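In: what shape does this take:
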Amino acid sequence: MQTSYISKNKICKGEEIKGQDIRTGVYSLIEKDYPGFSKDDFVSLNELNRYRRLYLTSLIAEEKGELAIIDLDVMDAIKNNSILSENIKDEMDGELTFGEKFADRVALFGGSWHFIISFFVFIILWMVTNLWILTVKPFDPFPFILLNLILSCIAAIQAPIIMMSQNRQEQKDRIRGEHDYKINLKAELEIKLLSEKIDHLLVNQNKKLLEIQEVQTDYLEDLMKVIQNKKI
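Out: Sure, this is the predicted structure:
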């Protein structure tokens, strides 16, 4: 059982990684923190994965320059093996004020057929009431000045309320876009980590196969020697 150069603890069998099998960039990071680390020393798989994550973080920083807050969230999620997927709808709806909820409801109703039909029914009833029912003393005779005033007030108030709701929708779309970006970036980095692990497994597997073949070759050579001795 090998001992980790980093933690000085014993490494479980099958999880030991020799320095010479580590990628150059990751090896440089380990060597930076532990100057005495050499190609013949061993680290555990968990320790190697931690430095792989640090290496990916440094690659992103080199590619994009200074990391934005959204990228730092992804890096923290990778380091802590946490999940970024979440139901952001409940979170966004839970933070709404009364005015924002009211604006959303007004915009939802104002952009529906219920509003259009109700609006036309109201106008027709207003005209019928003033032209035929209250013919002697209508409260808003033709050309319905009071009705025009009410309609103008409704339009003046409804427009900014709908704009408030549209601004809220743009904010939701921005949050969704950032959330999708973080998930895609984390998935890309996790795929790179998985590729590193597969490469490591393939290298170790090939070494074991070569070792098995060498043992089998030695065994065959011993058998040939025994056979030749018996012939003599």
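
In: hmm, residue 18 and residue 38 touching each other?
Out: No. The criterion here is C-beta atoms under 8 Å, and residue 38 misses it with residue 18 at 9.9 Å. Every residue, glycine included, has its C-beta placed from N, CA and C.

In: work out for me the element residue 17 sits within.
Out: strand 16-18 (DSSP states H and E).

In: now swap in residue 202 and tell me
Out: According to DSSP H and E, residue 202 maps onto helix 145-231.

In: sorry, back to before: of residue 38 and residue 18, who's got more company?
Out: Each of residue 38 and residue 18 has its neighbours counted (other C-beta atoms under 10 Å); residue 18 has more, 16 against 12.

In: quick one: that one from residue 148, how far?
Out: As judged by C-beta to C-beta, to the nearest Å, residue 18 and residue 148 stand 87 Å apart.

In: what do you get for residue 11?
Out: To residue 148, residue 11 is 85 Å away according to C-beta to C-beta.

In: so for the two, which sits in the more crowded spot?
Out: Neighbours were counted for residue 11 and for residue 148 using other C-beta under 10 Å; residue 11 has more, 20 against 11.

In: quick one, phi psi at that one?
Out: Here is the backbone geometry of residue 11 (degrees, to the nearest 10): phi -100, psi 130.

In: again, but for the one 3 residues further on
Out: When quoted as degrees, to the nearest 10, the phi and psi of residue 14 stand at phi 90, psi -10.

In: for the chain, give me the ranges with low pLDDT.
Out: Applying pLDDT under 70 to the chain flags residues 57, 59-95, 196-197, 200-201, 203-212, 214-216, 218-219, 221-223, 225-226, 229-232.

In: residue nearest the centroid of it?
Out: residue 183 (1.6 Å; C-alpha atoms, centre = their mean).

In: apart from its chain neighbours, what residue comes closest to residue 49?
Out: Distances taken as C-beta to C-beta, 6 or more residues apart in numbering place residue 193 nearest to residue 49, at 6.9 Å, with adjacent residues excluded.

In: tell me, how many residues neighbour that neighbour?
Out: Residues contacting residue 193 under the criterion other C-beta under 10 Å number 16.

In: what's the answer for residue 101, then?
Out: Residue 101 has 12 neighbouring residues, counting by other C-beta under 10 Å.

In: surely it is within a strand?
Out: No. Counting by DSSP: H, G, I helix; E, B strand; the rest coil, residue 101 is not part of a strand but helix.

In: contacting residues around it?
Out: By C-beta atoms under 8 Å, 6 or more residues apart in numbering, no residues touch residue 101.

In: for it, give its distance to residue 110.
Out: For residue 101 relative to residue 110 (C-beta to C-beta), the value is 15 Å.

In: before we move on, what about residue 186?
Out: Note on residue 186: its distance to residue 110, by C-beta to C-beta, is 39 Å.

In: which helix or which strand is home to the closest residue in space to residue 109 that isn't next to it in sequence?
Out: Once flanking residues are discounted, residue 109 sits nearest to residue 115: 5.3 Å by C-beta to C-beta, 6+ apart. In the assignment (DSSP H and E), residue 115 maps to helix 113-128.

In: my read: residue 10 touches residue 1, true?
Out: Yes. Using C-beta under 8 Å, residue 10 makes contact with residue 1 at a distance of 5.1 Å.

In: the two: who's more crowded?
Out: Between residue 10 and residue 1, residue 10 has the larger neighbour count (other C-beta under 10 Å), namely 12 against 7.
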